[in-house]
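# Sequence plus the predicted model coming up.
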Amino acid sequence: MIRGVIVEDEPLVAQRLERMLGEALVDHPFQLWSLRTLAEARAFLDAHPVDVVFLDLNLHGENGFDLLKESVAQAYHTVVISAYHDKALQAFEYGVLDFIGKPFTHERLQTAIYRLLDAKTTPTHQLKYLAVRTHGRLQIVPLQEVLYLQAHGAYSQLHMREGTPLLHDKSLAKLQQILPSGYERIHKSYIVELGRIRHLNNYGAGKYEAVLVNKETLPVSRQAFKSLKLRWE
Amino acid sequence: MGPTYDYTITAIAAALFASALIAVILYFSLHRRVAYLFFALYCVSHAAKVLMKFPWLTEEFPGLNPSAVPVIIYGIVILGMLSMLGFILFEYEIKGQWRWWTAAASLCLLSLVGFQEGWYINAMFALCAGVLILPIRRGQRGAVLTLVGLGGLALCTYLGYRDFLNFGYFLGIFFFIFCLLLAVSQQIHSQISQKQEAEIRSTQLENQLLKQTIQPHFLLNSLTNLQELIYSDVEAAGHFVQSLAQELELFCRVSAQPTIPLATELALVEAHMRIMEVRKGQAFSLETLGFRGEEYIPPGILHTLVENGIKHGYKDRGGRFVLSRRSEEQQVIYRLRNDGETNGSDVRVGTGLRYVEARLEESYPQRWAFDYGPTATGWENRITIQKNGKEERL
C-alpha cells in the first residue's frame, strides 16, 4: 500500500496531480490525500504515517527552503513540484526523491513514481546533505561527514567520522533511494560508501567483512559480497 | 583722417563678442536656459563698453553727441551688472527672485541720484556674492566657481584701478567669464549625469515590473493550471488564456511610462484577479470609491499591492479589495484595503514593496508616503502624495 499526500494550494493543479498519480499507480494499491495548506498538511502528517509527500513549494524565498529541509528530515519521501526550476539541484542536494518542474506531463510524474517504487539509487542523485531532527531541532549534516549508515528499527543511524551517531527518521531503504551512486548496501543493515572501505575480508563459510578507513569492521552479506568486491576493486 | 584703431581694445571686444556667441549657442542647444542669455548680455554689454571708450566712435558716427557717450556707458554698466545678477539668479534657480531684482533696482536708482559708478559696481558685486551664498550652501555645482570668478574680477579691477595691473579690469572680466564657462560646464555635466541616472533608474523600474509579471514562476504556475483546464474545461481554458494575454499585453504597454491612467491600471488588476480566481479556485473583487476617472498613477503599483494581498491574505477563501481616493487641500490619499488574514508570518518587505516605493519616488520625488499594516478587518495600504501646485492628475 502506497500512501501519498499532495500539498498544493491551487485546486486545478491538485486535481491534475490526483488524476495523474491515480493513473501512474494503477497497478499498485494506494491511498492519496490532497491538502490545501501547509498547516493542514502538518496536522495530517503528524497523525498519519505516509510514504511520500508531493509538495508544492515556493522555493524562491528562504521560507520555502526551510520547509523543504523540514520535509526531507521526515520518514517519508519528498517530491517537490515547483515552478522554480532553478532550485532543482539544491533540492536534490538536500535529499528530495524527485523534483518536478511546472508545468508537468503524465510521463514526468510516472518517472517520479518509478523512482518511488525502485529500491535502488537513482544515478542522477546529487545528495550532499542529510537533514536530521534531533530533540525537535533540525540539523544539517554534510554527507561527507557520514562514515556509514546502519538500520535502527524503522530509522537509520548515521555513524559520523567524528562524534556520536545521529538518528535519521528515514528507513535505510528510503535513504538508499536518495543516496548518490557509490554508496553500497553491503548488508541488510548497512550502507557504506566504497571509498570508505580499506579491506574486504573473506573468512569463508559465507562470512565476509569490510574494514573501514578507521579500522572499524562491518559485516557484509553473501549476496552483496560479489558485486561489492567487483565494484570496490 | 581715418579712424584710430587700438588693436588691443579691438581684440578684447572681439573676445567678448565670441564669448557672447558661445553663450547664445549654449542657450539654443541646452533647453533654452534663460541664464545663458543673461550671460550673453553680460559679455555684449562689456564689449559695447569697450568700444564706447574708443575715440574713433565719434569719428565714425558724426551724429553722436560726445557728451552723450558717458551716459550711454553708464547705461551699459547698469545693463552689465543686471545681467550678471540675472545669470546667477537663473543659473542657480534662486527662489523669490523679485526680492533680488528689487534690491538691484534700488541700487540703480540710488546711483542715478548721485551714488558713484564705482560704488554702484561694488554694491552690485556684493549683491551677487550674497545671492551666491544660497546655491553654495545647497552644494549646487559651479556656484563656488562663480564666486571665485566674481572675487577675481573684483581683485583685478582693484589692481587695475591702483595701476598695479595693466588692463586689470578686462583681465578680471575674462577671468570671470572663464570661471562662468567652467561653472556652466560643471552644471551641464551634472545635469547630464542626473538625467542619465534617472533614465537608468527608469529602465531598471521598467525591467523590474516586467520581470515581476512575466517572471517565469508566475507564467509556469499559470501554464500548469492551463494544462489542467485544457483537459477538464476547454471553454474556461480559452478565457484563462485571454486573461493571461491581457495582463501581459497591458504590462508590455505600460511598463515604460512613468505614470498611466488609473483605468489602465485597474484593467491590469482586473486581469490579474481573473487569473488568480482560476488558480486559487476562489472569487476576488475590487471596488473603487472617490475616483473622477482622470487620475494617473505609476504603472504596476496597485497590481503589486493586490498581488501581495492575494498571495499573503487568503489561504483558502476568496477576498474583497476596496480602493479609495480622497483629495485634500495639500494631498491626495489612496487607500487599498482588503479583508485578508493578517496573522501568522506576514512578511511583506519584499521586492514588490520596494518597487512601489521606487515608482513613487520617480514620479513624486520627496513628496510621497507609503504606509501599510493590519487593520481590524484585514490589511490596509495607504499612499499619500503631496500636491505640487502644478497641473497634475493625481
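Noted; the coordinates are in hand.

# hmm, the helix or strand hosting B:E265 in reach of chain A?
Per DSSP states H and E: B:E265 is located in helix B:262-280. Yes: using Cβ under 8 Å from any Cβ of the partner chain, helix B:262-280 reaches chain A at B:278-280. (Glycine included, C-beta is placed from N, CA and C.)

# Now stretch A:45-60: buried residues?
By neighbour count on 16 or more other Cβ atoms under 10 Å in any protein chain shown, the buried set for stretch A:45-60 is A:45, A:50-60.

# before we move on, what about stretch A:136-151?
Buried residues in stretch A:136-151 (16+ other Cβ under 10 Å): A:141, A:143, A:146-151.

# of those residues, closest to chain B?
Among the buried residues of stretch A:136-151, A:V141 lies closest to chain B (Cβ to the nearest Cβ), at 26.8 Å.

# Return the set of residues that bridge with the closest one.
For A:V141, the beta-bridge partners under DSSP bridges are A:L130.

# ok now do it, which residues does it touch?
By Cβ atoms under 8 Å, 6 or more residues apart in numbering or on different chains, the contact set of A:V141 is A:129-132, A:158, A:160, A:166.

# Now for those residues: which two are most distant?
Maximum pairwise distance among these (Cβ to Cβ): 14.8 Å, between A:A131 and A:M160.

# Look at these two and report which has more neighbours.
Of the pair A:A131 and A:M160, A:A131 is the one with more neighbours under other Cβ atoms under 10 Å in any protein chain shown, namely 20 against 14.

# My guess is the more buried one contacts A:V96. True?
No: if you go by Cβ atoms under 8 Å, A:A131 and A:V96 don't touch, sitting 10.7 Å apart.

# who touches both of those two?
The contact lists of A:A131 and A:V96 share A:V72, where a contact means Cβ under 8 Å, 6+ apart.

# quick one on the thing from earlier: what's the closest of the buried residues of stretch A:136-151 to A:Q223?
Among the buried residues of stretch A:136-151, and counting by Cβ to Cβ, the member closest to A:Q223 is A:A151, at 15.8 Å.

# what's downstream of the lowest-mean-pLDDT helix or strand in chain B, the next helix or strand?
Among the helices and strands of chain B, helix B:56-60 carries the lowest confidence by mean pLDDT, DSSP states H and E, at a mean of 67. As assigned by DSSP H and E, the chain's next helix or strand after helix B:56-60 is helix B:69-91.

# Kindly calculate the angle that the helix or strand following that next one makes with helix B:69-91.
Downstream of helix B:69-91, the next assigned helix or strand under DSSP H and E is helix B:97-112. Following axes from the mean of the first three to the mean of the last three Cα atoms, to 10 degrees, one obtains 160 degrees for the angle between helix B:97-112 and helix B:69-91.

# which of the residues in helix B:97-112 are buried?
For helix B:97-112, a neighbour-count test (16+ other Cβ under 10 Å) marks B:100, B:103-104, B:107, B:111 as buried.

# Widest-spaced pair of these?
Checking the buried residues of helix B:97-112 with Cβ to Cβ, the most distant pair is B:W100 and B:S111, at 16.6 Å.

# where are the low-confidence patches of the stretch 51-200 of chain B?
Counting by pLDDT under 70, the stretch 51-200 of chain B shows low-confidence ranges at B:55-60, B:62, B:115, B:165-166.

# and the residue in it that chain A sits nearest to, what helix or strand is that in?
When distances are taken as Cβ to the nearest Cβ, the stretch 51-200 of chain B reaches nearest to chain A at B:I200, 25.7 Å away. Secondary structure assignment for B:I200, by DSSP H and E: helix B:168-213.

# Show me what that helix is packed against.
When contacts are defined as 3 or more Cβ pairs under 8 Å, 6 or more residues apart in numbering or on different chains; DSSP states H and E, helix B:168-213 sits against helix B:7-29, helix B:34-52, helix B:69-91, helix B:143-161, helix B:234-254, helix B:351-363.

# if I look at B:P365, how far off is B:I260?
Per Cβ to Cβ, to the nearest Å, B:P365 is found 18 Å from B:I260.

# Could you do A:L117 as well?
For A:L117, the distance to B:I260 - Cβ to Cβ - is 54 Å.

# The two: who's more crowded?
Neighbour comparison, A:L117 and B:I260: the larger count goes to B:I260, with 19 against 13 (by other Cβ under 10 Å).

# Would you confirm that that one contacts B:E295?
No: B:I260 is beyond contact range of B:E295, at 10.1 Å (criterion: Cβ under 8 Å).

# Quick check: pLDDT value at residue 27.
Because you didn't say which chain, this covers chain A. For A:D27, the pLDDT comes out at 89.

# right idea, wrong chain: chain B
Predicted confidence (pLDDT) for B:Y27: 87.

# Now do the nearest residue to it once chain neighbours are set aside against chain A, distance only.
Leaving aside its sequence neighbours, B:Y27 sits nearest to B:Y36 (Cβ to Cβ, 6 or more residues apart in numbering or on different chains; 3.9 Å). Going from B:Y36 to chain A by Cβ to the nearest Cβ, to the nearest Å gives 52 Å.

# and the top helix by length along chain A, which residues are buried?
Counting residues, the longest helix found in chain A (DSSP state H) is helix A:11-24. Going by neighbour count (16+ other Cβ under 10 Å), the buried part of helix A:11-24 is A:11-18, A:20-21, A:24.

# when you check chain B, which of these turn up near it?
Applying Cβ under 8 Å from any Cβ to the buried residues of helix A:11-24, those adjacent to chain B are A:11-13, A:15-16.

# Would you mind naming what in chain A lies close to chain B?
A:9-13, A:15-16, A:36-37, A:39, A:58, A:60, A:63, A:82-85, A:101-104.

# Can you tell me which of those residues end up in helices?
Among the residues of chain A next to chain B, the members falling in helices (DSSP H) are A:11-13, A:15-16, A:39, A:63.

# any idea which of the residues you listed is the one closest to B:L268?
So of those, ranked by how close each gets to B:L268 (Cβ to Cβ), first place is A:L12, at 22.8 Å.

# mind listing what the closest one touches?
Under the criterion of Cβ under 8 Å, 6+ apart, the contact list for A:L12 reads B:224-225, B:228-229, B:232, B:278-279, B:281.

# Type out the PyMOL command that picks the buried ones from the residues you listed.
Restricted to buried positions by 16+ other Cβ under 10 Å, the PyMOL selection for those reads:
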select buried, chain B and resi 224+225+228+229+278+279+281
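
# Can I get the contacts of A:L12 in JSON lines including pLDDT?
Formatted as JSON lines, the contacts of A:L12 follow (pLDDT from 0 to 100):
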{"residue": "B:T224", "pLDDT": "95"}
{"residue": "B:N225", "pLDDT": "96"}
{"residue": "B:E228", "pLDDT": "95"}
{"residue": "B:L229", "pLDDT": "96"}
{"residue": "B:S232", "pLDDT": "94"}
{"residue": "B:V278", "pLDDT": "95"}
{"residue": "B:R279", "pLDDT": "94"}
{"residue": "B:G281", "pLDDT": "92"}
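
# Export the contacts of A:L12 to a markdown table and append columns for distance to B:P66.
Output for those, formatted as a markdown table (distance: Cβ to Cβ, whole Å):
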| residue | distance to B:P66 |
| --- | --- |
| B:T224 | 96 |
| B:N225 | 95 |
| B:E228 | 101 |
| B:L229 | 98 |
| B:S232 | 104 |
| B:V278 | 94 |
| B:R279 | 93 |
| B:G281 | 99 |
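
# how close does A:R198 sit to A:I191?
A:R198 is 17 Å from A:I191, by Cβ to Cβ.

# Skipping adjacent residues, who's closest to A:H48 in space?
Leaving out its chain neighbours, the residue that sits closest to A:H48 by Cβ to Cβ, 6+ apart is A:R3, at 7.4 Å.
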